[in-house]
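please work out how this folds:
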Amino acid sequence: MAQIFDLVLPATVASSDDKILREIKEIGGNELIISTFRILKRSIDARQKEIKVQLKVEVFEPNEIVSPRYINRSFPILDSSKKVIIVGAGPAGLFAALRLIECGIKPIIIERGKNVRERRRDIAAIHKQHIVNPNSNYCYGEGGAGTYSDGKLYTRSTKRGDVKRTLETLVQFGAEENILIEAHPHIGTNRLPKIIEQIRQQILESGGEIHFNQQVIDLHIKNEIVNSVGTASGDVFEADACILATGHSARDIYELLFNKNIEISFKPFALGVRAEHPQALIDSVQYKCVTRDEILPAASYSLVEQVEGRGVYSFCMCPGGIIAPCATSQGQVVTNGWSPSKRNNPWANSGIVVPIEWDDLKEFHHKKELAGMYFQQMLEEKCCKVAGNTQAAPAQRMIDFVENRVSTSLPSCSYQPGLVSVNLNELLPAFIATRLRKAFKLFGLKLKGYYTNEAVLVAPESRTSSPVRIPRDPETMAHTQIKNLYPCAEGAGYAGGIVSAAIDGEKSADAIIRSFKMAPSQSLKA
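Coordinates of the predicted model:
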């Protein structure tokens, strides 16, 4: 019978299978005969001077059958009269579609953007020509925002659903198996498109539909039931239920719901800046070294401090990463970050954000439930004007920002459209700027070397999460007002990242399956 060993090893030992095997034999004793072993979990502990790696290892004896690490899901050819519209082809929409297919229900995905390959040209146009296609950009298109802005798979939402199942599904469609092992799994923007294409192929081969370049502009509702949805091209799609999986930036969907008197509510969110350091600096601080050993990954960090009653914190930290222009309309500047699979760029960036509450938005209270959305938009447009109505971003060195002076020069930066030196204290609302200034000094006390003028702050980091929640019944997962409308994932305010969005999409699909009284034995736990 396979045995499990928990090991804590120096990084130099943990990088060699032969050395790991010797450690296992020392612990197991002479009576332990090993045919093979495999790593189940791996994490790095850099708290002490000597870097340690924590491993959970499964050991097999001779003649013992090595069970598969995971079992592929099976997707049948559809033959069903039941159809479900899915608005959005991000992780929530794609995983919802896969789940519906498993139980014999036809998904009809309607996506405003282009397929994952065609998106690349529009993303390149943002970088090089400062042109934003409002339907095809970093946020919109097949795969959703995560496809071209990182592919981080780490989530704390383990109570929401089966994280392991989600990761195994990604491996089934082409992700490397190491995402099943690492404590902070990550695919990388350079590898995600192929995985998304494989998922699309499966949906189509099973008989599902995917319609690109179709922006939903109306929900046709009668007797609290969605009968069909209309698109900007004039097409109408009918189905038995509708999943809203539109992501956190689909502002037109929020306005559509608001104008149709469909219940929504304000949701607190966070806003701030992207802080970028040289990756070598973060490595030296975290690993307590002059130069990072090549066996170690690019170092990351996670920071939080209470400042004037609120937690100012790092968000979406990207080691070896890039700051990206993520506006969804011309006349806006929005920043986010991503890392390639190797995380080998010379910079490290992270959002540093401040929570935004209802009382902070008094000048937007007349916008009611959409107050947070209009607050985001106001700042994004203000940043664009400061940058000369281009995709260049307002920026300032970290210590200059804290000491309230304009930077006479800016360091090299990964943000390709360029930077404009401004005093961010005059650009950001005072309640945000004040907390950020205090937080950066406190972060410097916690992470020696972090507080430095080698770091540049780029504004704004404004799309951390949805500023709107679309309420749903916790039992049925359906909207509290529209019986067959299923709002889910980031766009509805119920998830934050690829894995949690995928889980929420599957749960929404399973709620529909239960409502159709189909295949209850296959249903996921709610």
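
Thr166 is in contact with Phe95, isn't it?
Yes - using Cβ atoms under 8 Å, Thr166 is in contact with Phe95, at 7.1 Å. C-betas here are computed from N, CA, C, even on glycine.

the two: which is more packed in?
For Thr166 versus Phe95, neighbours defined as other Cβ atoms under 10 Å are more numerous around Phe95 (30 against 22).

doesn't that one belong to a strand?
No - counting by DSSP: H, G, I helix; E, B strand; the rest coil, Phe95 falls outside a strand, being helix.

measure the residue nearest to Thr390 when sequence neighbours are not counted to Tyr301 for me?
By the measure of Cβ to Cβ, 6 or more residues apart in numbering, the closest residue to Thr390 outside its immediate chain neighbours is His130, 4.5 Å from it. Using Cβ to Cβ, to the nearest Å, His130 is found at 31 Å from Tyr301.

neighbour-wise, which of those two wins?
Between His130 and Tyr301, His130 has the larger neighbour count (other Cβ under 10 Å), namely 20 against 17.

related to what we said a few turns ago, return every residue with contacts to both of Thr166 and Phe95.
The contact sets of Thr166 and Phe95 overlap at 502-503, 506 (Cβ atoms under 8 Å, 6 or more residues apart in numbering).

most surrounded residue in the residues you listed?
Ranking the shared contacts of Thr166 and Phe95 using other Cβ under 10 Å puts Ala502 first, with 31 neighbours.

a strand runs through it, doesn't it?
No - assessed with three-state DSSP, Ala502 is helix; it does not lie in a strand.

wait, doesn't it sit right on Ala92?
Yes - using Cβ under 8 Å, Ala502 is in contact with Ala92, at 6.4 Å.

which residues in this protein form helices?
Using DSSP state H, the helices assigned to the chain run over residues 11-14, 17-28, 91-102, 119-129, 163-172, 192-205, 251-259, 279-287, 371-386, 398-402, 424-427, 430-446, 489-492, 498-516.

mean pLDDT and distance to Pro460 for these - can I get that in a markdown table?
Converted to a markdown table, the helices of the chain look like this (pLDDT from 0 to 100; distance: least, Cβ to Cβ, whole Å):
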| stretch | mean pLDDT | distance to Pro460 |
| --- | --- | --- |
| helix 11-14 | 92 | 37 |
| helix 17-28 | 92 | 45 |
| helix 91-102 | 97 | 25 |
| helix 119-129 | 96 | 16 |
| helix 163-172 | 95 | 30 |
| helix 192-205 | 96 | 25 |
| helix 251-259 | 98 | 16 |
| helix 279-287 | 96 | 22 |
| helix 371-386 | 98 | 5 |
| helix 398-402 | 98 | 13 |
| helix 424-427 | 98 | 8 |
| helix 430-446 | 98 | 9 |
| helix 489-492 | 96 | 18 |
| helix 498-516 | 95 | 23 |
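
out of the ones you listed, which comes closest to Cys326?
Set against Cys326 and scored by Cβ to Cβ, the helices of the chain come closest in helix 119-129, at 8.5 Å.

what residues does that closest one touch?
By Cβ under 8 Å, 6+ apart, helix 119-129 touches 113-114, 131-133, 136-138, 141-143, 147-148, 325, 327, 391, 416-417.

let's see that with 10 Å instead.
When contacts are defined by Cβ atoms under 10 Å, 6 or more residues apart in numbering, helix 119-129 is touched by residues 113-114, 131-138, 140-143, 147-149, 193, 212, 324-327, 390-391, 415-418.

residues contacting Asp45?
Asp45 touches 8, 11, 51-54, 183, counting by Cβ under 10 Å, 6+ apart.

try Val53
By Cβ under 10 Å, 6+ apart, the neighbours of Val53 are 7-15, 20, 39, 42-46, 295-296.

of those residues, just the buried ones, ChimeraX syntax please.
The following ChimeraX line selects those of the contacts of Val53 that are buried, judged by 16 or more other Cβ atoms under 10 Å:
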select :7,9,11,13,14,20,39,42,44,46,296
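
picking up where we left off before, find residues that contact each of Ala502 and Ala92.
489, 495.

show me this structure divided up by domain.
3-60, 83-212+226-255+466-522, 268-367+378-461 (automatic domain parsing).

ok, back up a step: closest to Glu31 among the contacts of Asp45?
Val8 (23.0 Å).

report the beta-bridge partner residues of the closest one.
Gln54 (DSSP bridges).

distance of it from Ile27?
11 Å.

one step back: got the domains of the chain as CSV, with distance to Asp218 columns?
What follows is the domains of the chain, written out as CSV (distance: least, Cβ to Cβ, whole Å):
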stretch, distance to Asp218
domain 3-60, 47
domain 83-212+226-255+466-522, 4
domain 268-367+378-461, 20
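
quick check: which of those is buried the most?
domain 83-212+226-255+466-522 (a mean of 21; mean count of other Cβ atoms under 10 Å).

hang on, Thr480 packs against Asp473?
Yes - in this structure Thr480 lies within contact range of Asp473 using Cβ atoms under 10 Å: 5.7 Å.

please state the offset of stretch 80-99 from the chain centre?
Relative to the centre of its chain, stretch 80-99 is centred 19 Å away, using Cα atoms, centre = their mean, to the nearest Å.

wait, stretch 33-41
Distance of stretch 33-41 from its chain centroid, counting by Cα atoms, centre = their mean, is 32 Å.

could you do stretch 508-521 as well?
For stretch 508-521, the distance to the chain centre is 27 Å (Cα atoms, centre = their mean).

repeat for stretch 121-136
The answer for stretch 121-136 is 20 Å, by Cα atoms, centre = their mean.

how about low-confidence regions in the chain?
The chain contains residues with pLDDT under 70 at 149-151, 156-160, 518-526.

most centrally placed residue in it?
Centroid-nearest residue in the chain, with Cα atoms, centre = their mean: Gly497, separated by 3.1 Å.

how close does it get to Asn133?
Gly497 sits 24 Å away from Asn133, going by Cβ to Cβ.

who's His220 bridged to?
Under DSSP bridges, the beta-bridge partners of His220 are Ser228.

about what we covered before: let me have the shared contacts of Thr166 and Phe95 in JSON lines, extended by distance to Phe60.
Formatted as JSON lines, those follow (distance: Cβ to Cβ, whole Å):
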{"residue": "Ala502", "distance to Phe60": "31"}
{"residue": "Ile503", "distance to Phe60": "31"}
{"residue": "Glu506", "distance to Phe60": "32"}
